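> Pasting the sequence and the predicted model now:
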Amino acid sequence: MTAISVKDAYLEYAGGTVAVDHVSYELEFGKMYGIMGESGAGKTSFIHALATLLPLSSGEIFIENTRISQLDPVHVARLRRDMIGIVLQSHYLSPKLTAIENVVLPMLAGNTKRIDRPQRAEELLSLVGLSERMKSFPEEMSGGEQQRACIARALVNDPRIILADEPTGNLDNNNQQKVFRILKKFAEKGRCVVIISHAKEIANYADVMLTMQHGRLKEVGMNVETGS
């Protein structure tokens, strides 16, 4: 079943830089996708567009058959809240909140019962190896710990789509493997998981490997439609 359908997506920034160059591709539920490529290839712009954080210059993105370009900002934000878990390169943890409070935060606007929120946050922080850091503030945590807290936060509303931009960039090999295994399990449970990574080890976990070069997307071993 298709989770995200990308139709002739084109994204050009002011000044003429083309970040996404006429990409068409379908991402399915139940699969984990790895995207690799050199810096500046357009990977982050592409995943931001998939996450509804960055509008396309032309083309369309459908989230479970919903055409994003036809939604007003309120409905786009609601769809993103209810459907998508996002891990960005910048952590965006609130400096005034503890790790567990940061993870609880996305649940405040959702349907999770108030009594269930702390337990859910604790479970996910333990899952990513932060059981001893639940009451720590971001400034008291290492970059890798902050990164894992962001992963827990992205998973807290049990999203059907998980988009992660370099989620293991600050992690040692052991924690990197742990995060890949966690995200792989979510894919096995029927979620669509898309990960940008420079770590070659992702190929050991991804169901589909993609590369991005000059804004064009290719599936490893075969070309996919990316324009002329």
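Noted; the coordinates are in hand.

> Check whether the closest residue to residue 92 other than its chain neighbours sits in a helix, strand or coil.
Closest residue to residue 92 apart from its sequence neighbours, by Cβ to Cβ, 6 or more residues apart in numbering: residue 150 at 7.4 Å. C-beta: built from backbone N, CA, C; applies to glycine. Classification of residue 150 by DSSP: H, G, I helix; E, B strand; the rest coil places it in helix.

> thought residue 150 was touching residue 90?
No - assessed by Cβ atoms under 8 Å, residue 150 is found out of contact with residue 90, at 9.2 Å.

> out of the two, which sits in the busier spot?
residue 150 (25 against 7; other Cβ atoms under 10 Å).

> Identify the bridge partners of the spatially most central residue of the chain.
Nearest to the geometric centre of the chain sits residue 163, at 1.6 Å (Cα atoms, centre = their mean). Beta-bridge partners recorded for residue 163 (DSSP bridges): residue 86, residue 194.

> List the buried residues of the longest helix seen in the chain.
In the chain, assigned by DSSP state H, the helix with the most residues is helix 173-188. Buried residues in helix 173-188, counted by 16 or more other Cβ atoms under 10 Å: 175, 176, 177, 178, 179, 180, 182, 183, 184, 186, 187.

> ok, of those residues, which one's closest to residue 122?
Nearest to residue 122 among the buried residues of helix 173-188, counting by Cβ to Cβ, is residue 182 at 15.6 Å.

> Quick check, the closest one in contact with residue 128.
Yes - between residue 182 and residue 128 there is a contact under Cβ under 8 Å: 6.9 Å.

> show me where pLDDT drops low in the chain?
In the predicted model, the chain carries pLDDT under 70 at residues 91, 110-115, 221-228.

> Where do the strands of it begin and end?
2-12, 18-28, 32-36, 58-63, 66-67, 84-87, 161-165, 192-196, 208-213, 216-219 (DSSP state E).

> For residue 44, find the nearest of those strands.
With Cβ to Cβ as the criterion, residue 44 lies closest to strand 161-165 of the strands of the chain, at 5.5 Å.

> tell me the most buried of the strands of the chain?
strand 192-196 (a mean of 27; mean count of other Cβ atoms under 10 Å).

> Dig out what the residue lying closest to residue 25 once chain neighbours are set aside forms beta bridges with.
Leaving aside its sequence neighbours, residue 25 sits nearest to residue 6 (Cβ to Cβ, 6+ apart; 4.9 Å). Partner residues in beta bridges with residue 6, using DSSP bridges, are residue 25, residue 61.
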